[in-house]
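dropping a prediction and its sequence here:
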Amino acid sequence: IAGITQAPTSQILAAGRRMTLRCTQDMRHNAMYWYRQDLGLGLRLIHYSNTAGTTGKGEVPDGYSVSRANTDDFPLTLASAVPSQTSVYFCASRSPGLAGTGELFFGEGSRLTVL
Amino acid sequence: AQSVAQPEDQVNVAEGNPLTVKCTYSVSGNPYLFWYVQYPNRGLQFLLKYITGDNLVKGSYGFEAEFNKSQTSFHLKKPSALVSDSALYFCAVRDGGSSNTGKLIFGQGTTLQVKP
């Protein structure tokens, strides 16, 4: 059982370049999330999707976009990368639960460095 | 707005001793509270959650947490620490009254170091 698969695992990117981080799940969960993890700041929500075809903004959405064409895939795109987007990015899906109480399943992360 | 705080950046404990990792929260409605653990270079893993009912919640790997409404706390505990418990621990909260279904707010994380 793969769960959440993220790619790439690690990437070094020049500032101004476009980058898409891929996320695929095999659990058929409706809700999916993108977080970034920075030292001392914990995890901050970038974008989320409650179901295929819908997306929403989290705490730190600027400079990022997402799409949810189907249940399994939830890619995160940086249109024009900046050094402040250097971070570790985690994709997650949420198991079913009453009123959104299901637990999150996380991928292994994508470490992005923008120079 | 909902928020969660983990007041300690790091907790050090000797193997075999009890451990506590602290968490306090702020929500406008009923809180839904979670603990996650992150091992080095890995994604977060779910440990336990409080939704309603018994204030003492038991989770994976022998961990438990106590919900205290009056102190707005949800401290993570384990009676006897293992070296393998050394990891980064995150507390998270969701406002049960929020319309933003399922979105969790995470604390800053607490590094637990268990020494032999």
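On my side now, so go ahead.

going forward, measure contacts and count neighbours with C-alpha atoms only.
Noted.

residue ranges of the strands in chain B, please?
B:3-5, B:10-14, B:19-21, B:24-26, B:31-38, B:44-50, B:56-58, B:64-68, B:73-78, B:87-95, B:105-106, B:110-115 (DSSP state E).

same for the longest one, what does it pack against?
Meaning strand B:87-95. strand B:3-5, strand B:31-38, strand B:105-106, strand B:110-115 (3 or more C-alpha pairs under 8 Å, 6 or more residues apart in numbering or on different chains; DSSP states H and E).

show residues contacting it.
Under the criterion C-alpha atoms under 8 Å, 6 or more residues apart in numbering or on different chains, residues A:42, B:2-6, B:23, B:25, B:27-40, B:102-113 lie in contact with strand B:87-95.

same thing but at 6 Å, please
Outside strand B:87-95, the residues that touch it by C-alpha atoms under 6 Å, 6 or more residues apart in numbering or on different chains are B:27, B:29, B:31-39, B:104-107, B:109-112.

by how many degrees do it and strand B:31-38 diverge?
Angle of strand B:87-95 versus strand B:31-38, following axes from the mean of the first three to the mean of the last three C-alpha atoms, to 10 degrees, is 160 degrees.

strand B:87-95: which residues count as buried?
For strand B:87-95, burial by neighbour count (16 or more other C-alpha atoms under 10 Å in any protein chain shown) applies to B:87-95.

which stretches of chain B have low pLDDT?
Low-confidence segments of chain B (pLDDT under 70): B:95-102.

may I have the beta-bridge partners of residue 78?
Unless you meant another one, I'm taking chain A. residue A:19, residue A:64 (DSSP bridges).

look at chain B instead
Taking DSSP bridges, one finds residue B:19 as the beta-bridge partners of residue B:78.

quick one: contacts for residue B:36?
Counting by C-alpha under 6 Å, 6+ apart, residue B:36 has contacts B:44-47, B:89-90.

what does residue B:103 give?
The neighbourhood of residue B:103, defined by C-alpha under 6 Å, 6+ apart, contains no residues.
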